[in-house]
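Chemist: Here you go, sequence then predicted model.
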Amino acid sequence: MSIDQSVQARAAAKNVATGLALALLGSIAFSGKAIIVKLAYRHGVDAVTLIMYRMLFALPIFAVMAWWASRGKPPLTRNDWLGVLGLGLTGYYLASFLDFAGLAYISASLERLILYLNPTLVVMLGWVLYRRSITWGQAVGMLISYCGVVLVFGHEANLQGTNAAWGTLLVFLSAVSYAIYLVYSGEMVRRLGSLRLVGLATTVACLLCLLQFVVLRPFSAAVVAPEVIWLSVLNATLCTAAPVLMVMMAIERVGAGMTAQTGMVGPLSTILMGVWILGEPFTVWVAAGTALVITGIFVFTQLARRQAP
């Protein structure tokens, strides 16, 4: 091996290591969102007000992201703006609000496991909307992962009753809303670029969350405990903007597949932080359900990839 080849190999290895580190940190940072939301709920705030503050602090970051990614690019057409509005509504506004609302009723662990089912929802939507086939490997993976969620849900239902069912439904609808965004965003990503689309769609979602607060709550509801403000700042930066950028940078370095596989640490980190920070119980039911969900998603992705033509 020549000196140039050796230098190139070391640079490539360093690039992969950096990509994996970014994917790992991004997944852990995303996982912290549920923990911060649960901590904020201890201070008497509701979902409408809490998500308003999160999006208020995130708005400047995403607006700058949209501006930066739009430099030197042609202006958006009318259809582009309609697409951005629709994707912002489903992918970030509805998905975020339903998720926040559901977290008022269920544990952070169950919430994360439900959201981790997202790849299966994308495939099912593809089957419903476009009649795309589902392979037997995908079907087996979905069966295993959904059994895991049902196991953890059954445990929480015994403890919390109907509240667990309502919270689970809200978070599941959040996952469906984000899956709709993923299904319909492909063409927009190819036309606008991922960074520009994310910046614009999240800016739309931020504005919708602010409008929602103005319509549904009196301005006096904005007076909250100082802890809620600081937690919202953390949520907007450490658990929203930062992981979005880290995951996108990871995809550039190691690809979407490896980034997604690294993301399997997400449910584990949420559960560990839930036990450590929130004092949530770690039972055999949670452990078994988590193992089933992670195994199911692994089977879902790996067997489907092997069966792909």
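Modeler: Arrived safely, thanks for sending.
Chemist: in stretch 198-218, what's buried?
Modeler: Within stretch 198-218, the residues scored as buried using 16 or more other Cβ atoms under 10 Å are 198-206, 208-210, 212-213. Bear in mind the C-beta positions are built from the backbone N, C-alpha and C, glycine included.
Chemist: How many residues are close by the closest residue in space to L208 that isn't next to it in sequence?
Modeler: Nearest in space to L208, with sequence neighbours left out and distances taken as Cβ to Cβ, 6 or more residues apart in numbering, is Y93 at 4.3 Å. Neighbours of Y93 under the rule other Cβ atoms under 10 Å: 24.
Chemist: ok, Y93 to C206 distance?
Modeler: Distance from Y93 to C206, counting by Cβ to Cβ, to the nearest Å: 8 Å.
Chemist: ditto for W276
Modeler: Separation of W276 from C206 (Cβ to Cβ) stands at 30 Å.
Chemist: wait, doesn't the residue nearest to L208 sit right on T203?
Modeler: No. Proximity of Y93 to T203 does not meet the contact threshold set by Cβ atoms under 8 Å, at 10.9 Å.
Chemist: hmm, back to that, how would you label the residue nearest to L208: helix, strand or coil?
Modeler: Under DSSP: H, G, I helix; E, B strand; the rest coil, Y93 falls in the helix class.
Chemist: Who are the contact partners of it?
Modeler: By Cβ atoms under 8 Å, 6 or more residues apart in numbering, the contact set of Y93 is 204-205, 208-209.
Chemist: Make JSON lines out of the residues you listed and add secondary structure and distance to M246.
Modeler: Compiled in JSON lines, those are given as follows (DSSP: H, G, I helix; E, B strand; the rest coil; distance: Cβ to Cβ, whole Å):
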{"residue": "V204", "secondary structure": "helix", "distance to M246": "22"}
{"residue": "A205", "secondary structure": "helix", "distance to M246": "19"}
{"residue": "L208", "secondary structure": "helix", "distance to M246": "25"}
{"residue": "C209", "secondary structure": "helix", "distance to M246": "23"}
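Chemist: need those residues in CSV with pLDDT, can you?
Modeler: Shown next, in CSV, are the contacts of Y93 (pLDDT from 0 to 100):
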residue, pLDDT
V204, 95
A205, 94
L208, 96
C209, 96
